[in-house]
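In: coords please:
(chains A and B)
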Number of protein chains: 2
Amino acid sequence: MNIIRYPKKEEWTGIIERPHMDVSSLNATVTAILDDVKTRGDKAIIEYEERFDHAQLASLTVTEEEMNEAEKLVSVNLKDAITLAHHNIKVFHESQRFDCRKVETQPGVTCWQKSVAIERVGLYIPGGTAPLFSTVLMLATPAKIAGCKDIILCTPPDRSGRVNPAILMAAKVAGVSHIFKAGGVQAIGAMAYGTESIPKVYKIFGPGNQYVMAAKQQVSLHDVAIDMPAGPSEVCVIADETANACFVAADLLSQAEHGTDSQVMMITTSEQMTSKVKAEIGRQLDMLPRKDIAAKTLENSRLILVDNIQDAIDLSNAYAPEHLIIQTDNYEDVAEKITNAGSVFLGKYACESAGDYASGTNHTLPTHGYAAAYSGVNLDSYCRKITFQHITAEGVRRIGPAVETMAAAESLDAHKNAMTVRMKSLEG
Amino acid sequence: MNIIRYPKKEEWTGIIERPHMDVSSLNATVTAILDDVKTRGDKAIIEYEERFDHAQLASLTVTEEEMNEAEKLVSVNLKDAITLAHHNIKVFHESQRFDCRKVETQPGVTCWQKSVAIERVGLYIPGGTAPLFSTVLMLATPAKIAGCKDIILCTPPDRSGRVNPAILMAAKVAGVSHIFKAGGVQAIGAMAYGTESIPKVYKIFGPGNQYVMAAKQQVSLHDVAIDMPAGPSEVCVIADETANACFVAADLLSQAEHGTDSQVMMITTSEQMTSKVKAEIGRQLDMLPRKDIAAKTLENSRLILVDNIQDAIDLSNAYAPEHLIIQTDNYEDVAEKITNAGSVFLGKYACESAGDYASGTNHTLPTHGYAAAYSGVNLDSYCRKITFQHITAEGVRRIGPAVETMAAAESLDAHKNAMTVRMKSLEG
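Out: Alright, predicted model coming up:
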């Protein structure tokens, strides 16, 4: 752990710098697979699944039978947990529904927005040792609430050609329409272009390794929208002398176990808190099964001591963390001043893992400083706001002359004429 | 004009197909300029301005003096028109403000979203023979309402090194913070990386030629968010036998004059309307200064005759037009069924040019079928929704066990532990 004491503001840029991410060296490999999927469809997918996931597949579709079987394999405990988490995510995302307001900008000129679901969305859930069923809930629940007609999910099978039962269970609870056995670049290609089995979607959501990231970037240039650019996960904790060092250490460790590229940062106004948290980390680290990963991540972590709480806020806003935990006495005042973050956790009981799983907020959030420009996944991510306008004769009289003048000044006479013919029809 | 009579549904895909757009052949040129701007800053911009815009610039900044001078050069008429348009755009985009709702997903678990403006945004306004001051209003007005602290505008100067006065006037009315003389790829690079004069922004908005499009794509992969992918402008008119052929023809022509790559389409249930509109186009075309461009565009335009209004709606939704004008008797019923479009114009008086300039809706809209996944520019485009959560001891008791179970099932024990230490602190 790097302890940085009272850095000058000139040093901030260096402190908050993230490692450079560049997936462009993978572009040639990724392009080749994408092109192949575009040309050969299912056949290409089946071959790549054999090559990369060592699974021999006769069909890409997860059957009703497999769904029923999965349900039996998930423990009652986990089923209950998934159901509770789904309930909370549902309640929060349902509260994000958009209310249409019609506005008369001039007498006779009425404008409004209507929120309409994206018809077909694709969710990608990576494979690996641990099944990310929580991400299934996070991505599919708002899609269902938005009213997306088709919710497609692609995830790689294991060597026996099966999908983890917890993933299938979560997909069922959250309302996924169709599940396919496909992973990596080939899954992204399938959803971007469509194959015989897998329908083309209009927007792709979900995490993945560097190849998946590169594939999402490539297809987003022409073929399909994506949720947001991706980067390693990160947490920033703002703590004052009232923080609970044991809780703070546990929060930092929970981020550190994700992977050695994870970003872990604490900003504190208390000299004492720095040493207390450091000691707690040492104590808790030993008990973790993934302690090797966490220990390696912590080598690059930063505990930063600042003069006052305003500096802590400014430094955090400059960093724009994916997750921000505020453990201070006056956390509501601090929260008011946060301008750049993905998701913010308030008070000593709000740990990041609460939001990762079950509080109701979404865990698909902007990393790598993207929080300065992007929101995390929310109900809006699955909708478009279409604008409507209705104009009466009175409306034409009110804005017609301005439209004519502006169109003429932009040398667009046909634009002007479209208004002129309407104004003339009202004369006499 | 291509008149297509009662096409079968199998033929629809061919009818609505847009020309393939690929700016990747420009990538090498664009990368070279971007890299140069990144390395040499203002110096590079000044050189490219001389090379591409034939302007010799001592400074990139538009001065207070130049602003005042511009105001005197704009006619009272145009000033009034800009003021009226700005008022309407302001009223509509102000109505889009987000109301925060706090939600208790479980007793003691409170979640909410807060809409926070992107701190610094960049607007690009292309040069050319006609000054696109209307786009200045469309991009800067919502930025100002959102509360963006810095609203940067880049636009190329003319050969004398000056910016068109109508652009400066519109920028002043809409609340742009700083205006710089820079065009094309070099302007996009300047806003993406920052130079000595031009600050780095977090999101870039605005139209441009193919080089600008390619540059926006490139910088969006790593450095900055962009409004949306771009393509040629397009209109679709749905008309029944009650439509006014003169108005419809004027609307189709107003799209046709944009450029020869513009897309123009009418879908009608009335055989008669097809011939009436065709005749009206012939009559009106002759009077247009840009008739050569419009005539060329019309060669690729499509007048499509369908069996019934439902087919018209389905075909339009499959096309996902940027602008959709509905001139039918029961336009409100038709509007209810529109699922893919950028902006919709209802009733015979609602011409596209009303929305292009002054009704209050935004004219920066998704083209090229992107309306299936993207919204047009609106207040949300300038904001992020940051999520917050507050959890009490009661909240921990409610969701703690589920978080522990799910974290364990995903093999993330440190995630589990962050909840366990809090649950333990509540025991006894």
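In: so A:L123 touches A:K144, yeah?
Out: No: counting by CB atoms under 8 Å, A:K144 is not a contact partner of A:L123; they are 11.1 Å apart. Every C-beta, even on glycine, is put in place using the N, C-alpha and C of the backbone.
In: so the two - more neighbours on which side?
Out: A:L123 (26 against 19; other CB atoms under 10 Å in any protein chain shown).
In: direction included, what does the host helix or strand of the more buried one pair against?
Out: Using DSSP states H and E, A:L123 falls within strand A:120-124. Paired with strand A:120-124 in the same sheet, following DSSP bridges, are strand A:150-155 (parallel), strand A:203-205 (parallel).
In: nearest to B:L324, out of these?
Out: Of all these, strand A:203-205 sits nearest to B:L324, with 20.8 Å by CB to CB.
In: now do the buried residues in the helix or strand that that closest one is followed by.
Out: Using DSSP H and E, the helix or strand that follows strand A:203-205 towards the C-terminus is helix A:210-220. For helix A:210-220, burial by neighbour count (16 or more other CB atoms under 10 Å in any protein chain shown) applies to A:Y211, A:V212, A:M213, A:A214, A:A215, A:K216, A:Q217, A:Q218, A:V219, A:S220.
In: contacts for helix A:210-220 next, please.
Out: With contact meaning CB atoms under 8 Å, 6 or more residues apart in numbering or on different chains, helix A:210-220 is reached by A:23-24, A:26-27, A:29-31, A:33-34, A:124, A:126, A:184-185, A:187-189, A:192, A:204, A:208, A:226, A:229-230, B:221.
In: try stretch A:149-158
Out: With CB under 8 Å, 6+ apart, stretch A:149-158 has contacts from A:49, A:52-53, A:55, A:57, A:117, A:119-127, A:136, A:140, A:143-144, A:163-164, A:167, A:171, A:175-184, A:187, A:190-191, A:198-199, A:201.
In: contact residues of the stretch 51-200 of chain A facing chain B?
Out: A:77-78, A:80-82, A:84-85, A:87-89, A:91-92, A:95-96, A:101, A:103, A:105-106, A:109, A:111, A:113, A:116, A:118-119, A:129-134, A:166 (CB under 8 Å from any CB of the partner chain).
In: what is the mean pLDDT for stretch A:300-310?
Out: The pLDDT scores in stretch A:300-310 average 95.
In: how long is it end to end?
Out: 25 Å (CA to CA, to the nearest Å).
In: stretch A:363-382 too?
Out: 15 Å.
In: stretch A:154-174 too?
Out: One end of stretch A:154-174 to the other measures 15 Å (CA to CA).
In: from the middle of its chain, how far away would that stretch be?
Out: Offset of stretch A:154-174 from its chain centre (CA atoms, centre = their mean, to the nearest Å): 20 Å.
In: how about that stretch: buried residues?
Out: Buried-residue list, stretch A:154-174, by 16+ other CB under 10 Å: A:154-157, A:161-174.
In: and for stretch A:253-262?
Out: A:L253, A:S254, A:Q255, A:A256, A:E257, A:H258, A:S262.
In: with pLDDT, secondary structure and distance to A:T364 as extra columns, can I get these in JSON lines?
Out: Output for these, formatted as JSON lines (pLDDT from 0 to 100; DSSP: H, G, I helix; E, B strand; the rest coil; distance: CB to CB, whole Å):
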{"residue": "A:L253", "pLDDT": "96", "secondary structure": "helix", "distance to A:T364": "22"}
{"residue": "A:S254", "pLDDT": "95", "secondary structure": "helix", "distance to A:T364": "17"}
{"residue": "A:Q255", "pLDDT": "94", "secondary structure": "helix", "distance to A:T364": "16"}
{"residue": "A:A256", "pLDDT": "93", "secondary structure": "helix", "distance to A:T364": "20"}
{"residue": "A:E257", "pLDDT": "92", "secondary structure": "coil", "distance to A:T364": "19"}
{"residue": "A:H258", "pLDDT": "89", "secondary structure": "coil", "distance to A:T364": "14"}
{"residue": "A:S262", "pLDDT": "90", "secondary structure": "coil", "distance to A:T364": "16"}
